Each structure stands twice: as C-alpha cells, then as structure tokens.
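> Below: sequence and its predicted model.
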Amino acid sequence: MIVVMGASGETGGAALQGLRELGVPCRALSRDPARLRDRLGEVRGVEFAAADAADPESLRAGFDGASQLFLTMVNGPRQVEFETRAIDLAVSSGVEHIVKLSAPAAEPDSPVAISRWHWAIEEQLRGSGVAHTILRPYAFMQKLRTLAPGLAEGVIVGAMGDTACNWVDCRDIGDVAAAVLTRPELRGQVHTLTGAEVFGYPEIAARLSRLLGRPIRYVDVPPEALRDNLIRQAHLPDWLAAHVTEIQLLARTRLERPTGVVAHILGRAPRTLDDFLAENLTHFRRAGGPPPGLDLNVG
C-alpha cells in the first residue's frame, strides 16, 4: 500500500492521479476525505482516510499497513515539526520507503528560510535509516494562476528583473513521484525537477499578451517594496511575504537551467509553458480587480 499525504493539494493530487493511472493501490490522506472523495469519485484501488499533520494518532492510523509514503505538505512555520513527526511515525509504523517533496535550494545556509526548513527535514529523513528518495522541484507553473488579478490592470509585478527561471508543471511532479514509487531503480536518489525551458516574468507577460490579445507588461519593484506590499495590502503573514521575496532574490543570484530529469524518468518531454497558459486561458481572461497586495506607487 502506498500512502499519499496532501492528496487534496496540487502535487499530492497529481501523485495520486499518477498512481491511479498505473493501477497501483494507494491510500489518500486528507483532513476532509469525504470532500476529496466527492471531488474524485469512487476509484478502484484508492482508499480515502482522514489525517491531520497536527494529530499524531490520525497519522499513525493513516500509515497502518503501508509500505511507502509520498510526503508533501503545504509550506508553513510548523513544517519542520509536522514533517519530521510524520517521518518518525511512518518509520515506526513499518513504512519502508519515503518519497519527500523538497525544494531545489535545500541547504543549511540557504538564503530562503523555507529551503532551510526542507534541509532540516531531509536531515531527519537521512538519519531515520529508512530508504528514501528526495524530489526537488523548482517553481510550480500552477502558481502562475496567482498573477490573474493583476492582468485586469495589464501588469505583472515582481522583484526578479528579467531573470530567467525554472518552472515545472505539478502534474509532471506527480508523474515523477508515481514513477519513483513504482520503479525501484529510481529510489535512493535526489531528483531535481524542472520544465524544458527557463523563462522570466517579461517573457510570461509577452506570451500572455499574445494569448489575451492585449498588452501585459512586467513591472519590477525593489524587494523591500514587494515584501511590504504583500504584508500591508495582501495581508500575507510575514513569513509568507518574506518567502515570496526571498525566492525572487535567489533567482537573481543563481543561474537556473533545465535539468532534463523529468524527460529522463518519464520518457517524454515536460509540459510546456505555452501549453499551461493555453489550458488556463479562461482563468486569465476572467481575472478582475487590482493586483492583490501590490501598490504600483512604490519607489
């Protein structure tokens, strides 16, 4: 039995879908399994179970009888606590292999706080003695949907200049996770996942301009202004506003290139930016209102 944590999320849901397509028995953990079941429908070979990262007993029940675990959680200040607890409980429950979703800059001295959190969790995993595999995907293409409100004003706002970055579709991450969980030769490694091309916000703006038939421009602001606006205007918690700013600064200081890992594992090219934008065109077209948390009158 393979357990998928975070099955209601983008990457957990994509991994679940990948396993379903392979016909592999799995158990989807969610804080609201009934809602997840209603969304997906009854699927042969898939169990739905309630589990909460803050509730050890629910995790213990969720891991019962499982041989493998796909570990992914939403980023947050208690991430290290929750994920290290999940690792310990999984190991004590007899799980033999854990696939962890991590971050590309997972280092003890990373300038990105969340990447330091992931490093600490990876260290726990390495010290647990359990067989494990680490997936380090770059930025999710699905996050580009958050740009939609700003498109009503014809702008994309950020602090990355014209830096070209790696992006990857969550569905490709899920397919890689399913492959790692079902192909022993892929285990015990660190897989860094990207799409097939790098692109920055100016290029995204240009492509959206062509698709939408109207001009979209990128507005670059100082990092401090971006962070302050996200706190004051969008009401993001300090840690999340800092994270958005930190990853944009990191992209400006570290050259990013595609790795080719997705194609190597899946035997096909990763999904492209153009495909993703076209699939989500209705979402971008119906965007309305000002860019959330972004005041363009910043210096």
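Cool, the structure landed.
> Now residue 34. Nearest residue, chain neighbours left out?
Take residue 34 and drop its neighbours on the chain: the residue closest to it by CB to CB, 6 or more residues apart in numbering is residue 48, 7.6 Å away. All C-beta spots, glycine's among them, are computed from the backbone N, C-alpha and C.
> Am I right that the one you found is in a helix?
No. Under DSSP: H, G, I helix; E, B strand; the rest coil, residue 48 falls outside any helix and is assigned strand.
> residues near it, how many?
19 (other CB atoms under 10 Å).
> Double-check it against residue 26; I have them as touching.
No. Look at residue 48 against residue 26 with CB atoms under 8 Å: they stay out of range, at 10.2 Å.
> before we move on, back to that, which residues touch the residue nearest to residue 34?
27, 28, 30, 33, 34, 36, 37 (CB atoms under 8 Å, 6 or more residues apart in numbering).
> what's the closest non-adjacent residue to the fourth one?
This means residue 33. residue 48 (4.0 Å).
> can you tell me how far that neighbour sits from residue 138?
Using CB to CB, to the nearest Å, residue 48 is found at 30 Å from residue 138.
> Equivalent analysis for residue 198, please.
Distance of residue 198 to residue 138, given as CB to CB: 9 Å.
> what bridges to the residue nearest to residue 72 when sequence neighbours are not counted?
In this structure, residue 72 finds its nearest non-sequential neighbour in residue 101, 3.9 Å apart by CB to CB, 6+ apart. With DSSP bridges as the criterion, residue 101 is bridged to residue 135.
> thinking again about what came up before, in terms of neighbours, single out the busier of residue 198 and residue 138.
residue 138 (23 against 19).
> and the nearest residue to that one once chain neighbours are set aside, helix, strand or coil?
The shortest distance from residue 138 to any non-neighbouring residue, by CB to CB, 6+ apart, is to residue 166 (3.7 Å). Here residue 166 is strand, with the state taken from three-state DSSP.
> Would you mind confirming that residue 166 is in contact with residue 247?
No. Counting by CB under 8 Å, no contact exists between residue 166 and residue 247, whose distance comes to 11.5 Å.
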